[in-house]
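Novice: Sequence and predicted structure below; questions after.
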Amino acid sequence: MQYKRRQATLRGLLASNRLDALLVTRLPNIRYLCGFTGSAAAMLVTERNCCFFTDGRYTEQAKAEVQGTKIIVDRKSPLLLAVEWLKKNPERGGRWSLGVEAEYLTLAACRRMKANLPSHLRLKFAPPLIERARMVKDTEEIQRIRKAVAMGARLFDQTLPTMRPGVKEIEVAAVMEHSAYNAGAEGMSFPTIIASGARSALPHGRASQSALPVSGFVVCDFGVILAGYCSDQTRTVALGRTSSEARHAYEAVKEAQQAAIDAVRPGTSVSEPDEVGRKLLKKQGLARYFTHSTGHGVGLEIHEDPRLAAGQNEIFRPGMVVTIEPGVYLPGKFGVRIEDMVLVTENGCEVLTPTSKELLEI
Ligand code: ZN
Ligand code: ZN
């Protein structure tokens with residue numbers, strides 16, 4: 001991974017954002033910048049320097065993983081280590097603006113920092129500079145994402161035979177997760193969603209002790225983490241006979257999903273797929289049952305920028321990887337969602353998820 005280049009890019013953004021330094025405390029951002037995968041760390045990025053801080057538990061791991069930056073290990077918390085480093089290394093006089101990731105710093109941590117900060121330092125809410133950089137994936141990241149997506153899709157195929165009436169949702173999820181670890185996954189991207197029958201109308205119905213019904217939809221939303229990168233996919237399968245209302249809803253979602261995919265191309269707004277998909281569902285009288293946004297970026301984390309929803313200002317750029325996942329949820333009856341991962345290319349997009357979207361009746 002090109003950690004040095006990422007750090008240099010970030011350093012180059014500080015001045016134009018009126019920051020003298022950025023204190024990075026959000027762990028996925030730290031991983032993005034230097035490769036560290038542990039659970040306690042802070043990073044300080046100034047125009048001239050980059051410094052990584054962790055505690056004694058991670059001495060060896062930091063040595064093995066962290067690239068492109070100085071490593072400082074001590075018993076104290078990484079946050080206080082960073083503050084102390086700033087005290088000892090004043091790069092220039094006068095007042096200093098230290099940017100912090102305000103969304104990822106607790107009030108308690110902030111108080112502790114302030115009590116220890118040198119007087120010339122001023123804390124400032126930093127814009128999401130790293131999150132913005134993370135939106136566009138480089139070649140190596142895309143390769144890893146492709147592998148994660150392929151593994152996720154294989155797991156789905158392997159798990160299908162276990163979906164029979166009477167089998168518990170949690171048993172289906174367990175088979176899938178067990179196969180994932182056997183295949184080399186580091187973990188699941190999120191707790192597997194297997195939501196059957198009336199539970200399929202819960203957009204985030206985690207696999208429960210409920211048994212799969214004789215007939216009805218099963219929404220399966222799952223993903224694996226492979227080499228740090230997540231996959232995310234949803235398929236809705238039908239058990240037994242499908243009512244005409246349910247079939248109509250399925251076909252409408254499928255059509256909306258395809259139209260939303262067709263709206264993904266560089267230079268257009270990330271809100272476009274949402275608008276296009278919602279319009280089609282409205283025609284079918286289903287728009288009011290589409291209760292979430294159309295998609296999100298995926299990478300080191302399962303939910304990243306951009307958010308594919310109305311009112312978002314971001315523009316699609318080549319290298320972005322997003323999900324397209326419209327769904328409709330009829331309370332007490334059934335739900336349908338179809339989700340693919342899509343890579344924005346130079347002249348359009350490529351659907352990464354290989355699984356068929358025809359209604360699968362088992
Ligand atoms: Zn999903
Ligand atoms: Zn998703």
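Specialist: Okay, I see it. Numbers count the residues shown, from 1 in each chain. Ligands and ions are numbered 1, 2, ... in the order given.
Novice: Buried ones in stretch 268-288, by neighbour count?
Specialist: Buried positions in stretch 268-288, judged by neighbour count with 16 or more other CB atoms under 10 Å: 269-278, 280-281, 286-287. Bear in mind the C-beta positions are built from the backbone N, C-alpha and C, glycine included.
Novice: and those residues as CSV, adding secondary structure, distance to ligand 2 and pLDDT?
Specialist: What follows is those, written out as CSV (DSSP: H, G, I helix; E, B strand; the rest coil; distance: CB to the ion, whole Å; pLDDT from 0 to 100):
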residue, secondary structure, distance to ligand 2, pLDDT
Ser269, strand, 19, 98
Val270, coil, 14, 98
Ser271, coil, 17, 98
Glu272, helix, 18, 98
Pro273, helix, 13, 98
Asp274, helix, 13, 98
Glu275, helix, 18, 98
Val276, helix, 18, 98
Gly277, helix, 14, 98
Arg278, helix, 17, 98
Leu280, helix, 19, 98
Leu281, helix, 18, 98
Leu286, coil, 20, 98
Ala287, helix, 20, 97
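Novice: so which of those comes closest to Arg11?
Specialist: Arg11 lies nearest to Val270 out of the buried residues of stretch 268-288, by CB to CB, at 27.4 Å.
Novice: what's in contact with the longest helix along the chain?
Specialist: In the chain, ranked by residue count with DSSP state H as the criterion, the top helix is helix 139-159. The contact list for helix 139-159, computed with CB atoms under 8 Å, 6 or more residues apart in numbering, reads 1-2, 137, 172, 175-176, 179-180, 183-185, 220, 222-233, 235, 298-299, 319, 321, 341, 343, 352-355.
Novice: Identify those among those residues that sit within strands.
Specialist: Here DSSP state E is the test, and the contacts of helix 139-159 give 220, 222, 224-226, 229-230, 233, 235, 321, 341, 343 as lying in strands.
Novice: what's the closest of these to Gln61?
Specialist: Ile225 (17.7 Å).
Novice: Identify the bridge partners of that closest one.
Specialist: Per DSSP bridges, the residues bridged to Ile225 are Gly187, Cys230.
Novice: Touching, it and Ala183? I think so.
Specialist: No. Using CB atoms under 8 Å, Ile225 makes no contact with Ala183, being 11.9 Å away.
Novice: who's more crowded, the two?
Specialist: Ile225 (22 against 14; other CB atoms under 10 Å).
Novice: still on that earlier bit, buried among the contacts of helix 139-159? Make that a PyMOL selection.
Specialist: A single PyMOL command selects the buried members of these (16+ other CB under 10 Å):
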select buried, resi 1+137+172+175+176+179+180+185+220+222+223+224+225+226+228+229+230+231+232+233+235+298+299+319+321+341+343+352+353+355
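Novice: filter the contacts of helix 139-159 down to the ones near ligand 1?
Specialist: Asp232 (CB under 5 Å from the ion).
Novice: quick one on the thing from earlier: how about JSON lines for the ones in strands among the contacts of helix 139-159, with distance to ligand 2 and pLDDT added?
Specialist: Shown next, in JSON lines, are the ones in strands among the contacts of helix 139-159 (distance: CB to the ion, whole Å; pLDDT from 0 to 100):
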{"residue": "Cys220", "distance to ligand 2": "12", "pLDDT": "98"}
{"residue": "Phe222", "distance to ligand 2": "10", "pLDDT": "98"}
{"residue": "Val224", "distance to ligand 2": "13", "pLDDT": "98"}
{"residue": "Ile225", "distance to ligand 2": "14", "pLDDT": "98"}
{"residue": "Leu226", "distance to ligand 2": "16", "pLDDT": "98"}
{"residue": "Tyr229", "distance to ligand 2": "14", "pLDDT": "98"}
{"residue": "Cys230", "distance to ligand 2": "9", "pLDDT": "98"}
{"residue": "Gln233", "distance to ligand 2": "8", "pLDDT": "98"}
{"residue": "Arg235", "distance to ligand 2": "12", "pLDDT": "98"}
{"residue": "Val321", "distance to ligand 2": "11", "pLDDT": "98"}
{"residue": "Met341", "distance to ligand 2": "8", "pLDDT": "98"}
{"residue": "Leu343", "distance to ligand 2": "15", "pLDDT": "98"}
